[in-house]
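Student: show me how the following folds:
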Amino acid sequence: MNLTRFALHNRVIVLAITAVLLVYGTATFLTMSRREDPEITIRAAVVVTQWPGAAAEKVEELVTDPLEKAIDQIDAVDKLTSKSRTGLSILTVELDETATGIDQYWDEVRTKVAEVESRLPDGCGRPRVDSDFGDVASVVYALYQTPAPGRDRIEREYSWRELELLAERVQDDFKTVSAVAKVEIEGAQDEVIYVDVDSEWAKVDLGVDDLRNILGARNITTAGGEIDRGATRFTVQPTGEFSALEQIGKVLVGRVGDGVPVVLEDLPFSGVADAGAPKRSEVRIHRGYAEPKRSEFHYLEPSIRADKCLLLAVTMKSGRNIVEMGAALAARVARLAGGILPPDLALVRVNDLPVQVDSLIRDFVTNLWQAIAIVLGVAFLMMGWRPAVIMATAVPLSMIASILLVSLMGVELEQFSIASLIIALGMLVDNAIVVSDNVMREMQEGAVSGAAARRDAAIRGAWSLAVPILTSTGTTVAAFLPMLTIVGAVGEYTRSLPIVVATTLVVSYLVAMMITPMMCWWLLRPRLSQTAPQVSLWRRLLRLW
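Tutor: Coordinates of the predicted model:
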């Protein structure tokens, strides 16, 4: 089928299709998913089991080995490594690179782990399977305390718990953004209750483990069940849960002498309760934070030092626009700072992928306009303004249509696909240049004047190069297509490169065979007085010089 002849004889159809592609392509570019890196599937998980106080040899024998044997029965497991330390077992599970349906295999891993869990020794914690490694925080905010407006210092410092409660308010507000998948608070300190006593516990024959068991049995937090009396059903609600520090001190921990009861607060404490405070004779029960700390963050600027700082890591949903999400979060922060949060609390964005992605896209658009300007300028100097317009038009047409097509193939706007568009940008204009130049030559040699003659010359000039251009385009496409055979995370990361380059080059071929000849028929006007090529402005300048 002669594509050029079809286009010139069915101009209305071709122009309508072109207009639709331009409109939908532009709309797709403005609304399609944006992110920093291609989305890849992480085929690794970690199984962590704690057994406090157990030697590494016992952990290896009674925890790690049973878990390894159970997990290794899954066919998709490609590599399984383990580390056994004092009180800790860590297994790393890696699936085969060709495995699909990853979530199903992680469910199998959890099922195998659950089967082994019932056979683990007493005192061993529950194995935890962590397969959530693919989520990357798109935006990170730092929440810290600053002096209130008009003050030069902090009057009352927030505790870690108070700061965490304020962070939870921000977290709940961020979750209402439609593009947000989850918001995690990092740096929060775990609250604990300390019971400080000394060696005189021995008088009541009470050890640390004994006290832990007594308090655990007393602090009932489980459901009590129901009593069904036929027409009436009663819910049993146990009341043993601790609700105040004073209740802990009233717990019976032993007896001395002739059975005299001893409660926890009667136990002696000979240490110093607080710096500068006198010694006490009773046990000390107080709130505090777990030591050592799992994580701690500080916010530093030339004029700011916040030793207490929490981070809010925001993760975007798959297939969403990270730039729009960043704008929505900025609006939420402005609203929070306007009245919901205290005036002495700062919420600052410390990691801003939306700005980086928006910068990449702006750079691509700038490169696109630069390419059009360069083609237009060079062609204008060498061949005149009419061929220049024809050649330059092929660039945006090919790009916009290609963006629409690759979006239908699941490609998102990220730094790899944008780089692919820039790579294709330097190659797609070649077809239009060759076709327009050959059409001009046909018109000049035939000395055509009428519209029908110019149309026939456009058909001959374009279609005579159909096979050579198709061959050159096909060889370039064939150089990129083997990248689609790469499997695993590397293949997912590089997938957009061959798709974008191949699609753009194929579209540029169709533009060169259908749109470019049509524009040549409209714009090119050969000189009838000579069969030589039209003298360009650049050649005129050379002659004058």
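
Student: neighbours around Val490, how many?
Tutor: Around Val490 sit 12 other residues, with neighbours defined as other C-beta atoms under 10 Å. Any C-beta I mention is one placed from the backbone N, CA and C, and that applies to glycine too.

Student: with Ser131 instead?
Tutor: There are 20 residues near Ser131, going by other C-beta under 10 Å.

Student: SS state for the closest residue to it other than its chain neighbours?
Tutor: Spatially, and ignoring its direct neighbours in sequence, Ser131 is nearest to Ala45 (3.8 Å; C-beta to C-beta, 6 or more residues apart in numbering). Assigned with DSSP: H, G, I helix; E, B strand; the rest coil, Ala45 falls in the strand class.

Student: partner residues bridging Ala45?
Tutor: Val93 (DSSP bridges).

Student: report how many residues lie close to it.
Tutor: 21.

Student: now Val411
Tutor: Number of residues near Val411 (other C-beta under 10 Å) recorded here: 23.

Student: one more: Ser420?
Tutor: Ser420, neighbours per other C-beta under 10 Å, totals 25.

Student: does it sit in a helix or strand, and which one?
Tutor: Assigned by DSSP states H and E, Ser420 belongs to helix 415-425.

Student: give me the next element, helix or strand, following that helix.
Tutor: Taking DSSP H and E, what comes next after helix 415-425 is helix 429-446.

Student: other SSEs contacting that next one?
Tutor: helix 353-383, helix 385-408, helix 451-463, helix 466-480, helix 496-510, helix 516-523 (3 or more C-beta pairs under 8 Å, 6 or more residues apart in numbering; DSSP states H and E).

Student: so the most centrally placed residue in the chain versus Lys182, what's the distance?
Tutor: Closest to where the C-alpha atoms of the chain average out (C-alpha atoms, centre = their mean) is Val136, at 4.2 Å. Distance, Val136 to Lys182, using C-beta to C-beta, to the nearest Å: 12 Å.

Student: list residues touching both of those two?
Tutor: Thr315 (C-beta atoms under 8 Å, 6 or more residues apart in numbering).

Student: dump the helices and strands packed on helix 429-446 into CSV; add mean pLDDT, distance to Ala330 and mean neighbour count as well.
Tutor: Conversion of the helices and strands packed on helix 429-446 to CSV gives the following (pLDDT from 0 to 100; distance: least, C-beta to C-beta, whole Å; neighbours: other C-beta atoms under 10 Å):
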stretch, mean pLDDT, distance to Ala330, mean neighbour count
helix 353-383, 85, 9, 16
helix 385-408, 90, 26, 22
helix 451-463, 86, 50, 20
helix 466-480, 92, 38, 14
helix 496-510, 93, 28, 23
helix 516-523, 89, 44, 23
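
Student: which one, of those helices, ends up nearest to Thr98?
Tutor: helix 496-510 (18.7 Å; C-beta to C-beta).

Student: circling back: the residue nearest to Ser131 is in contact with Pro127, isn't it?
Tutor: No. Applying C-beta atoms under 8 Å as the test, Ala45 and Pro127 come out as separate, 11.5 Å apart.

Student: how about Pro482: what's its closest non-neighbour residue?
Tutor: With C-beta to C-beta, 6+ apart, the residue lying closest to Pro482 is Pro498, at 7.7 Å.

Student: gap between that neighbour and Arg233?
Tutor: 65 Å.

Student: go on, Leu428?
Tutor: Distance from Leu428 to Arg233, by C-beta to C-beta: 74 Å.

Student: same check on Ser417?
Tutor: Counting by C-beta to C-beta, the gap from Ser417 to Arg233 is 60 Å.

Student: next one: Asn351
Tutor: Applying C-beta to C-beta to Asn351 and Arg233 gives a distance of 53 Å.

Student: look at the two and report which has more neighbours.
Tutor: Shown here are Asn351 and Arg233; by other C-beta under 10 Å, Asn351 has more neighbours (15 against 9).

Student: Val140 is in contact with that one, correct?
Tutor: Yes. Contact criterion C-beta under 8 Å: Asn351 and Val140 qualify, at 3.8 Å.

Student: thinking again about what came up before, chain center to the helix holding Ser420, what's the gap?
Tutor: Its chain's average C-alpha position is 20 Å from that of helix 415-425, according to C-alpha atoms, centre = their mean, to the nearest Å.

Student: would you mark the buried spots in it?
Tutor: For helix 415-425, a neighbour-count test (16 or more other C-beta atoms under 10 Å) marks 415-418, 420-421, 424-425 as buried.

Student: for the chain, name the helix or strand with the lowest mean pLDDT.
Tutor: helix 537-544 (a mean of 55; mean pLDDT, DSSP states H and E).

Student: tell me the SS of Leu310?
Tutor: Going by three-state DSSP: Leu310 is strand.

Student: find the nearest non-adjacent residue to Lys333, please.
Tutor: One correction, residue 333 is Val, not Lys. Leu347 is the one closest to Val333 (C-beta to C-beta, 6+ apart), at 5.5 Å.

Student: just list whatever residues bridge to that neighbour.
Tutor: When assigned by DSSP bridges, Leu347 has beta-bridge partners Leu143.

Student: report how many residues lie close to it.
Tutor: Leu347: 19 neighbours (other C-beta under 10 Å).

Student: need the contact list for it.
Tutor: By C-beta under 8 Å, 6+ apart, Leu347 lies in contact with 141-143, 170, 333, 336-337, 341.

Student: if I look at it, how far off is Ile340?
Tutor: In terms of C-beta to C-beta, Leu347 sits 10 Å off from Ile340.

Student: Gly225 now?
Tutor: Applying C-beta to C-beta to Gly225 and Ile340 gives a distance of 41 Å.

Student: Ile71 touches Val109, doesn't it?
Tutor: Yes. If you go by C-beta under 8 Å, Ile71 and Val109 touch, sitting 5.9 Å apart.

Student: what do these two both touch?
Tutor: 47, 93.

Student: SS state for the nearest residue to Arg153 once chain neighbours are set aside?
Tutor: Take Arg153 and drop its neighbours on the chain: the residue closest to it by C-beta to C-beta, 6+ apart is Pro147, 5.5 Å away. With three-state DSSP as the basis, Pro147 sits in coil.

Student: enumerate every residue touching Pro147.
Tutor: Here Pro147 is in contact with 153-154, 344 (C-beta under 8 Å, 6+ apart).

Student: okay if I get those as TSV plus distance to Leu300, pLDDT and neighbour count?
Tutor: Output for these, formatted as TSV (distance: C-beta to C-beta, whole Å; pLDDT from 0 to 100; neighbours: other C-beta atoms under 10 Å):
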residue	distance to Leu300	pLDDT	neighbour count
Arg153	18	83	6
Ile154	16	84	13
Asp344	18	87	17
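
Student: could you dump those residues into JSON lines and include secondary structure and distance to Glu291?
Tutor: Shown next, in JSON lines, are the contacts of Pro147 (DSSP: H, G, I helix; E, B strand; the rest coil; distance: C-beta to C-beta, whole Å):
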{"residue": "Arg153", "secondary structure": "coil", "distance to Glu291": "28"}
{"residue": "Ile154", "secondary structure": "coil", "distance to Glu291": "24"}
{"residue": "Asp344", "secondary structure": "coil", "distance to Glu291": "27"}
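
Student: ok, the residues you listed vs Ala379, which is closest?
Tutor: When the contacts of Pro147 are compared for distance to Ala379 (C-beta to C-beta), Asp344 wins out at 62.4 Å.

Student: surely that closest one is in contact with Tyr144?
Tutor: No. The pair Asp344 / Tyr144 is not scored as a contact, 10.0 Å apart, by C-beta under 8 Å.

Student: now Leu425. Nearest residue, chain neighbours left out?
Tutor: Using C-beta to C-beta, 6+ apart, the closest residue to Leu425 is Ala371 (5.3 Å).

Student: show the contacting residues for that neighbour.
Tutor: 395, 425-426, 429.

Student: by pLDDT, give me the weakest of those residues.
Tutor: Lowest pLDDT among the contacts of Ala371: Gly426, with 78.

Student: so what's Ile486 up against?
Tutor: Taking C-beta under 8 Å, 6+ apart, one finds Thr494 in contact with Ile486.

Student: against Ile13, how distant is it?
Tutor: Distance from Ile486 to Ile13, by C-beta to C-beta: 39 Å.
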